[in-house]
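Asker: sequence-free structure coming up:
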């Protein structure tokens, strides 16, 4: 119950740039994501703000290559 | 309905740098501390601070806290309180070394000392050569600070209440603050957190503006709670703006673009900065560029269907220069303005960045208000630090790198003061019988509202009104109209309606409650700005272009009840050194 609201709230970050990108991503993709993808999203959201922003702007790549497909969606959001 | 109650020695609202520095001081002294945060602590807005923390360590060039004090007083356009400024600058070295000891990863010089870099507004010898005063951890100083403080707090057993929102202050008949009511998002439960000391560290409120660099969480919750409890808000007309934010979203476009040769255009394709600053043109200082943008918009030369922004052109620099020197800017333009600056100009407008005003405090972090006999009486049990507080070290304008210093110095000072105060008052005062009446009535109003308006819609009206009427450059007619417009918005805020009435994780309710706080900040800002008939620091009036020390060398106090204004003198007397008397502020 309320998984969408919970996830949406956890997209509230310390950096405005992330707030905006994550909000767009949620609007576009969240409802269609599989269990595995939701897990991967949760892993990415647990990163610190600056690390996550570096990955979204392709300055850094996650070591765990399985995260890349979800990250690509974030980068395109 | 019986409301659960928990008791703590201290309750802190906000887990950014200020709240966590205070919490650490208290937890390490063995006090029972609760820290409430709407989001996970390391996602507080402190992470956005890049520039560094000012301290006259003198590791690179000779430096002295007294020079730092002079720069801060001058930067504040003489509205800063000189006792608090002396206190902050004198403590800077100690608090930076303390952070180093906590494990903060400062950049280093080859000799192992903390690396320092120069920053605007920093001088040697009271206005002489450039000083080198900013201590940084790459361009991520706030991020490093926040993570360091969080780890230390976990070790010191600070109790975090994550995804909790403070609702209202609890005050008794004498005016003493006895804690807060708060909402747990997960369950939707309201709880009373009773405390011998209540400290607000809720950060800024940039979300009152349509264009702001502030994160979505910056809704001025502490200011709203204070204002509703009868505490005045100080100097709310002073907001720092950046001239070039991405139109519509406010994300910062750094000055580097204009440094590399980018320039601004109006709807006629005219390079308008030539008219405002014939020599410096687009490289004129931040306030000059911001005012020029606002004037172009006001005079109908803005771009787009609402004629409310300008264009920043850099395609003439060529793809190579843009890709090599401004890659971050290109990314931001593509992501947030949907234009590739290699081909098209970026739509921009001034964007709100930092709130100089806030809850009035002294340099011990104690909230002070004129509520019995004097203008600055301590409100027992109530403390505030960081951007939500007005201590006032930034006065009418903040210097870069002074905000991270502010949160650490006064976070620690407030912690120390609370420890002392609790030795004198070791017991909880009894809660008044009506402690939760007002907040429950506010929540009930929201639950039962019929035929009200959507929160997002009213929020947009609030932000657009503030942006249009009370932005970076202010005009008498717009302000006057703005006061009545924002009053109309306030009436709509009092009648918001939410569709979702469920308890568990109801974000619609949270956003409605945030809007209750934003509107208090917006009203305070508009009313205070309309009344101040001078230009000082960040408050720039078209009709009163000069600073007027005879009439306006004083702090504004805004009271929510009756939307009344009062004033109090600036504290011109430092603690030990001679006062810096007001003189023209030229750089």
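Answerer: Looks like it arrived, so ask away. Quick caveat, the model's predicted, so the values are computed rather than measured.
Asker: contacting residues for the residue in the stretch 251-400 of chain B that chain A sits nearest to?
Answerer: Closest approach of the stretch 251-400 of chain B to chain A (Cβ to the nearest Cβ) occurs at residue B:331, with a separation of 5.3 Å. Placement of C-beta: from N, CA and C, glycine included. Shown in contact with residue B:331 (Cβ atoms under 8 Å, 6 or more residues apart in numbering or on different chains): residue A:57.
Asker: Report the contact partners of residue 56.
Answerer: I went with chain A, as the question did not name one. Shown in contact with residue A:56 (Cβ under 8 Å, 6+ apart): A:18, A:21, A:71, A:74-75.
Asker: Actually, chain B is the one I wanted.
Answerer: B:63-65, B:67-68, B:89, B:92-93, B:131, B:133.
Asker: Please name the bridge partners of residue B:6.
Answerer: residue B:193 (DSSP bridges).
Asker: I figured it hits residue B:195, correct?
Answerer: No - using Cβ atoms under 8 Å, residue B:6 is not in contact with residue B:195, being 9.4 Å away.
Asker: Report how many residues lie close to the closest residue to chain A within the stretch 1-150 of chain B.
Answerer: Here the residue of the stretch 1-150 of chain B nearest chain A is residue B:47; by Cβ to the nearest Cβ that distance is 3.7 Å. For residue B:47, the count of nearby residues is 27 (other Cβ atoms under 10 Å in any protein chain shown).
Asker: and it, what are its phi and psi?
Answerer: When read as degrees, to the nearest 10, the backbone of residue B:47 gives phi -60, psi -20.
Asker: wait, what's in contact with it?
Answerer: Residue B:47 sits next to A:13-15, A:48-50, B:140, B:142-143, B:146 when contact means Cβ under 8 Å, 6+ apart.
Asker: Residue B:464 too?
Answerer: residue B:210.
Asker: quick one, helices of chain A?
Answerer: A:3-10, A:16-29, A:35-45, A:49-56, A:68-76 (DSSP state H).
Asker: Flag every residue of chain A that's near chain B.
Answerer: A:1-2, A:5-6, A:8-10, A:12-17, A:19-21, A:48-50, A:57 (Cβ under 8 Å from any Cβ of the partner chain).
Asker: filter those to the buried ones?
Answerer: A:2, A:5, A:8-10, A:12-17, A:19-21, A:48-50, A:57 (16 or more other Cβ atoms under 10 Å in any protein chain shown).
Asker: about what we covered before: so which of the helices of chain A gets nearest residue B:551?
Answerer: helix A:16-29 (37.4 Å; Cβ to Cβ).
Asker: circling back: neighbour count winner among residue B:6 and residue B:195?
Answerer: Taking neighbours as other Cβ under 10 Å, residue B:6 and residue B:195 compare with residue B:195 leading, 26 against 16.
Asker: in whichever strand or helix holds residue B:98, what counts as buried?
Answerer: Using DSSP states H and E, the element containing residue B:98 is helix B:82-102. Buried residues in helix B:82-102, counted by 16+ other Cβ under 10 Å: B:82-93, B:95-96, B:99.
Asker: can you narrow those to ones near chain A?
Answerer: Within those, nothing lies near chain A by Cβ under 8 Å from any Cβ.
Asker: joint contacts of residue B:6 and residue B:195?
Answerer: With Cβ under 8 Å, 6+ apart as the test, residue B:6 and residue B:195 both reach residue B:34.
Asker: Which pLDDT value goes with the closest residue to chain B within chain A?
Answerer: At 3.7 Å from chain B, residue A:14 is the closest residue in chain A, using Cβ to the nearest Cβ. On pLDDT, residue A:14 comes in at 96.
Asker: Next: residue B:181.
Answerer: 98.
Asker: give me the number of residues near residue B:566?
Answerer: Applying other Cβ under 10 Å, we find 14 residues neighbouring residue B:566.
Asker: Do I have it right that it meets residue B:360?
Answerer: No - Residue B:566 lies out of contact with residue B:360 (Cβ under 8 Å); the separation is 10.9 Å.
Asker: okay, and the common contacts of these two?
Answerer: With Cβ under 8 Å, 6+ apart as the test, residue B:566 and residue B:360 both reach B:232, B:557.
Asker: OK, contacts around the residue lying closest to residue B:115 once chain neighbours are set aside?
Answerer: Among residues not flanking residue B:115 along the chain, residue B:107 sits closest, at 3.9 Å (Cβ to Cβ, 6 or more residues apart in numbering or on different chains). Applying Cβ under 8 Å, 6+ apart to residue B:107 gives the contacts B:114-115, B:135-138.
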